[in-house]
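Chemist: Structure of the sequence below:
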Amino acid sequence: MAETDARAKAKASVEAPGPTEIRSDAVRGELLKAGVWLGLALLIGVCIILIQPILLIFAGIVMAAMLDGGTRLLGRVLPIGRGWRLLIVCLSLVAFLVWTILFAGSQIADQAATLQTVVMGQVERIAAWASAHGMGNLQIDTKTITENLAGTVGRVTAAVGTVLGALTSLVMVLVLGVFLAIEPRLYERGVAWMLPMKSRENFYIVTARMGFTLRRLMAGRLLGMLVEGIGTWLACLAVGIPMAALMGLLTGLLAFIPNIGAIVSGVLLVLVGFSAGTDTGLAAIAIYFIVQTVDGYLIVPMVAKQTVDLAPALVLGAQILFGTLLGIMGLFLADPIVAMIKVALEREAERNAGSQAKRKAAG
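Modeler: Prediction:
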């Protein structure tokens, strides 16, 4: 009997609360809140550290939206399987890139070699004119301009600043975009599986709207790039502006970046135009305004009617913020990021309005 009591006391002492046992509900609640805030801080820190791959993944999603949009558009005229339509879109993209490299690559490379000389010559002429008119002694060289530009595109995405880094990132974005476009529902269901059951319906609604918005946004962007690039190229050929092919290519590529891209391409076009004479420079100004008017008053409104209509000041502010913090990748992806955020906020406002209406009806 004494031995049994000793065993019971020993067991009770072992199972007694230790120094780490927290029995106060208030203390447990505060520790839970502290754990949530600590987890959120760690999540933000991880996102800052991994911002480069996060941006590459989002760029892959944007590429997948463009491929998916082309596949859906092709499905309206070709009653074949989705896989075959996606293959046609990918092969068309590859064929266009190969054609550009083989047939226009040498011409564009030659023009690009002289572009820097022409632009810097025009900038030096402007600086000399400003100095002659009492605006100060401006000393401008290629190194100074390069350093200033490098300082404005952020340092987080410095990996894409080299040629090898840019090519590697481009290949990763293309491969990721193709894999996502092959079976987008698979990844959507995988993410939804990790969410609570009550949140899955709203998740599917939000992702469907985001996908629709992103496809429309990228379709409008590609259409604008095509119109501006070809229009600038043909117009430059017609009036005799030097480096017409390169000007068309740069204008088309920079059209992917709203607001800022148009300004940069316009400055380059005008500088190159005035390098061939005053009449050519005035013609370059006219070409710029005509092309931007067509894009701004025909293409953009047509696309905005079927997708989110983003205020220009909002997009420009996001480009300045993301470009400074996240670098060139943030500058390119600012518009899609803002569009996705707006879709999510609109959906949340819709849910809140529905819940409020239900409470009023119940009361």
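
Chemist: quick one: pLDDT of residue 287?
Modeler: Listed pLDDT for residue 287 reads 88.

Chemist: separation between it and residue 281?
Modeler: Residue 287 sits 11 Å away from residue 281, going by Cβ to Cβ, to the nearest Å. Yep, even glycine has a C-beta here, placed from its N, CA and C like the rest.

Chemist: go on, residue 257?
Modeler: Separation of residue 257 from residue 281 (Cβ to Cβ): 24 Å.

Chemist: Then residue 32?
Modeler: From residue 32 over to residue 281 the distance is 67 Å, taken as Cβ to Cβ.

Chemist: more neighbours, these two?
Modeler: residue 281 (19 against 10; other Cβ atoms under 10 Å).

Chemist: check which helix or strand covers the more buried one.
Modeler: Assigned by DSSP states H and E, residue 281 belongs to helix 278-294.

Chemist: Can you spell out which helices and strands pack onto that helix?
Modeler: helix 197-239, helix 260-275 (3 or more Cβ pairs under 8 Å, 6 or more residues apart in numbering; DSSP states H and E).

Chemist: most tightly surrounded among those helices?
Modeler: helix 260-275 (a mean of 20; mean count of other Cβ atoms under 10 Å).

Chemist: next one: it to chain centre, how far?
Modeler: Centroid separation for helix 260-275 versus its chain: 23 Å, with Cα atoms, centre = their mean, to the nearest Å.

Chemist: CA atoms only: put whichever strand or helix holds residue 251 into PDB for me.
Modeler: When elements are assigned from DSSP H and E, residue 251 belongs to helix 244-254. What follows is helix 244-254, C-alpha atoms only, in PDB (Å, rounded to 0.1, in the frame of the first residue of the first chain):
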ATOM      1  CA  ALA A 244      13.600  53.500 -88.600                       C
ATOM      2  CA  ALA A 245      13.700  49.800 -87.700                       C
ATOM      3  CA  LEU A 246      15.300  50.400 -84.300                       C
ATOM      4  CA  MET A 247      12.900  53.200 -83.500                       C
ATOM      5  CA  GLY A 248       9.900  51.000 -84.300                       C
ATOM      6  CA  LEU A 249      11.300  48.200 -82.200                       C
ATOM      7  CA  LEU A 250      12.100  50.400 -79.200                       C
ATOM      8  CA  THR A 251       8.700  52.200 -79.400                       C
ATOM      9  CA  GLY A 252       6.900  48.900 -79.500                       C
ATOM     10  CA  LEU A 253       8.800  47.400 -76.600                       C
ATOM     11  CA  LEU A 254       8.500  50.600 -74.500                       C
END
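
Chemist: For it, could you pull out the residues that count as buried?
Modeler: Across helix 244-254, burial judged by 16 or more other Cβ atoms under 10 Å covers 244-252, 254.

Chemist: what angle do it and helix 260-275 make?
Modeler: Inter-element angle recorded for helix 244-254 and helix 260-275: 160 degrees (by axes from the mean of the first three to the mean of the last three Cα atoms, to 10 degrees).
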